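> the following comprises the amino acid sequence and a computationally predicted model.
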Amino acid sequence: IACLVMYLFAEFDDAANLLAANPDATTISIDEPVEIPKNQHSHRQEPGREEDDELLGTDDSDKTELLAGQKKSAPFWTFEYYQTFFDVDTYQVLDRIKGSVFPVPGKNFVRLYIRSNPDLYGPFWICATLVFTIAVSGNLSNFFIHLGKPTYHYVPEFKKVSIAATTIYAYAWLVPLALWGFLMWRNTKVMNIVSYSFLEIVCVYGYSLFIYIPTAILWIIPQKVVRWVLVVFSLCLSGSVLVMTFWPAVRDDSRRIAVATVATILLLHALLAVGCLAYFFDAPELDIPAPIIPAHNGTTVITKSH
Amino acid sequence: FPGLADVSISQDIPVEGEITVPVGSHSPDEDYSTLDEPVKDTIMRDLKAVGKKFVHVMYPRKSSALLRDWDLWGPLVLCVSLALMLQGGSADSKDDGGPQFAEVFVIIWFGAVVITLNSKLLGGTISFFQSLCVLGYCVMPLTVAMLVCRLVLLAGAGTVSFIIRLIVVGAMFAWSTLASTAFLADSQPPNRKALVVYPIFLFYFVISWMILTFTPQ
């Protein structure tokens, strides 16, 4: 069972079967020492790296915790250093995405899925997909809303892609940086039991953005109510992942600071969603969708008045 | 030397052989200096290599020619022609139009570099320029699609022409993705094939979208 070969795009069924076949993979870290079998399990997946891990002594769960931020042994100017951030298999990425979309109450995303192996693959490509999904969906949605109006001429609005890219990548990298800096600063004042490395925070933020991809596609529907319901729904899902991750890191602090931190996290997340909706998707002006009359060149079309 | 008195070489076994020192590797291309050949031969040789690669993309089979003798002429020609054909799109204001030449160029090359880096970081065994070569050559079906789209748009811009363009671009997008996957998938570790193929899919999807949404002035 050590050899897991997945050639196809694994559906969640396959991933679930995998987890069922290896029950220790889903063991919840109610008490931390249970992490030992999980680490050994992950060792079996990557036989090539076993020597490195043994050298680093990461068989021990305590050392794993301590070395969480220092697993990379190669110097930062070599290629191998960056390869350690992409040390994930297909099923691991799919598991992490599933964990961000279906948050289990009480379980910490970082402890459960990332487990000292933060990757940059997920955050980077989820952000890239989100950028293009928002730009394409916004363009499509505007096209359908304005279809049939005689003054409307379709434009691809390509500049919006660069704006979307800047916004989303800035959010996915600068907010974790600020949060990490803030948590480190609080760590000097108050001893927190749980602390995260910068990469783990980037990982959580990246994977929590995944839910916005199907949301952006569904935003094509030109109904205000539908769009706002989608915003609230996706905000609840990804917001809960973030809250459950970061609440243990701040709950030892003073009450006001803890609540303020979590509130700021949620506020920024909501701001991103609402801002994208407002900027990339034109408001549907009609409460009742007008009948779509295809516009041909040279013919005038009489539209329904609002 | 008293010890050597016991050593005797049998007279029955002749010692024979050849002592030749190989002077470097003799590949067929280097048997003669290419400095003296006519310019036409040089150009034709490179053109034939590029043409052979185009044929390999059109009928994607597992062949090492595309990978072993990589070159970037084909990708450059394809990228420039695609970027040129995407010009002249309609724009209400300066900001609203389709992608400019530089944007298309940057997207194709930067996208190809990022995908190559991604596959190398995930543990792929293909070299940097080989991967760039494959990704660039597999843009060819989409360039053909762009050509077809421009011709269809000359005839009119109604719903029928849109459906034709959609089918053509969709088919070429599938062809591009399958061709590049056929060349690149073998060099990836088996657990991560999907992780490597997905960015390629995204890359060609973005290019297809740019082609499909092109509207003339």
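Thanks, I have it.
> going forward, measure contacts and count neighbours with C-alpha atoms only.
Noted.
> now residue A:123: phi and psi?
Backbone torsions of residue A:123, given as degrees, to the nearest 10, read phi -50, psi -50.
> the closest residue to it other than its chain neighbours: neighbouring residues, count only.
Setting aside the residues directly before and after it, residue A:123 is nearest to residue A:206 in space (CA to CA, 6 or more residues apart in numbering or on different chains), at 3.9 Å. Neighbouring residues of residue A:206 were enumerated by other CA atoms under 10 Å in any protein chain shown; the total is 27.
> then stretch B:206-217 to PDB, C-alphas only?
Output in PDB follows, covering the C-alpha atoms of stretch B:206-217 (Å, rounded to 0.1, in the frame of the first residue of the first chain):
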ATOM      1  CA  VAL B 206      -6.300  31.200 -21.400                       C
ATOM      2  CA  ILE B 207      -4.900  31.400 -24.900                       C
ATOM      3  CA  SER B 208      -8.100  29.900 -26.300                       C
ATOM      4  CA  TRP B 209     -10.200  32.400 -24.400                       C
ATOM      5  CA  MET B 210      -8.100  35.200 -25.900                       C
ATOM      6  CA  ILE B 211      -8.700  33.800 -29.400                       C
ATOM      7  CA  LEU B 212     -12.400  33.200 -28.900                       C
ATOM      8  CA  THR B 213     -13.100  36.700 -27.500                       C
ATOM      9  CA  PHE B 214     -11.400  38.400 -30.300                       C
ATOM     10  CA  THR B 215     -13.800  40.800 -32.000                       C
ATOM     11  CA  PRO B 216     -12.700  42.900 -35.000                       C
ATOM     12  CA  GLN B 217     -13.200  46.600 -35.100                       C
END
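> buried stuff in it?
Of all the residues in stretch B:206-217, those buried under the rule 16 or more other CA atoms under 10 Å in any protein chain shown are B:206-216.
> can you redo those as a markdown table with distance to chain A and secondary structure?
Shown next, in a markdown table, are the buried residues of stretch B:206-217 (distance: CA to the nearest CA, whole Å; DSSP: H, G, I helix; E, B strand; the rest coil):
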| residue | distance to chain A | secondary structure |
| --- | --- | --- |
| B:206 | 8 | helix |
| B:207 | 11 | helix |
| B:208 | 12 | helix |
| B:209 | 8 | helix |
| B:210 | 8 | helix |
| B:211 | 10 | helix |
| B:212 | 10 | helix |
| B:213 | 6 | coil |
| B:214 | 7 | coil |
| B:215 | 7 | coil |
| B:216 | 10 | strand |
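> check contacts around residue A:106.
residue A:244 (CA atoms under 8 Å, 6 or more residues apart in numbering or on different chains).
> part of a helix, is it?
No: counting by DSSP: H, G, I helix; E, B strand; the rest coil, residue A:106 is located in no helix; its state is coil.
> quick one: contacts for the residue nearest to residue A:123?
Applying CA under 8 Å, 6+ apart, the residues near residue A:206 are A:122-124, A:126-127, A:172.
> leaving out chain neighbours, which residue sits closest to residue A:108?
Residue A:108 sits nearest to residue A:245 (CA to CA, 6+ apart), 5.2 Å away.
> swap in residue B:211?
Nearest non-adjacent residue to residue B:211 (CA to CA, 6+ apart): residue B:146, at 6.0 Å.
> surely that neighbour meets residue B:84?
No: Residue B:146 lies out of contact with residue B:84 (CA atoms under 8 Å); the separation is 10.5 Å.
> between those two, who's got more neighbours?
Between residue B:146 and residue B:84, counted using other CA under 10 Å, residue B:146 has the larger neighbour count: 26 against 15.
> does anything pack onto the host helix or strand of the more buried one? Which helices or strands?
Per DSSP states H and E: residue B:146 is located in helix B:140-155. Applying 3 or more CA pairs under 8 Å, 6 or more residues apart in numbering or on different chains; DSSP states H and E, one finds that helix B:140-155 contacts helix B:39-58, helix B:73-85, helix B:159-184, helix B:193-212.
> now the ones you listed as TSV including distance to residue B:120?
Below are the helices and strands packed on helix B:140-155 laid out as TSV (distance: least, CA to CA, whole Å):
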stretch	distance to residue B:120
helix B:39-58	22
helix B:73-85	20
helix B:159-184	11
helix B:193-212	9
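> can I get those in CSV with mean pLDDT?
Converted to CSV, those look like this (pLDDT from 0 to 100):
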stretch, mean pLDDT
helix B:39-58, 85
helix B:73-85, 91
helix B:159-184, 90
helix B:193-212, 91
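> for residue A:164, find the nearest of those.
helix B:193-212 (14.3 Å; CA to CA).
> list of residues touching the closest one?
A:6-9, A:89-90, A:125, A:129, A:132, B:86, B:98-99, B:108, B:111-112, B:115, B:118-119, B:122, B:139, B:142, B:145-146, B:149, B:165-166, B:169-170, B:173, B:176-177, B:180-181, B:185, B:188.
> thinking again about what came up before, so for the helix holding residue B:146, what gets flagged as buried?
B:140-143, B:145-150, B:152-153.
> of those, closest to chain A?
Nearest to chain A out of those is residue B:153 (CA to the nearest CA; 12.1 Å).
> I'd like the next helix or strand past whatever helix or strand residue A:207 lives in.
In this assignment (DSSP H and E), residue A:207 forms part of helix A:198-208. In the C-terminal direction, the helix or strand that comes right after helix A:198-208 (DSSP H and E) is helix A:212-218.
> so is that next one next to chain B?
No: using CA under 8 Å from any CA of the partner chain, helix A:212-218 stays clear of chain B, with a minimum separation of 13.4 Å.
> what mean pLDDT would you report for the next helix-or-strand element following that helix?
Where DSSP H and E defines the elements, the next helix or strand beyond helix A:212-218 is helix A:224-250. In this model, helix A:224-250 has a mean pLDDT of 88.
> what is whichever helix or strand comes after helix A:224-250 packed up against?
Sequence order places helix A:255-280 as the next helix or strand after helix A:224-250, per DSSP H and E. In terms of contacts (3+ CA pairs under 8 Å, 6+ apart), helix A:255-280 is packed against helix A:121-146, helix A:224-250.
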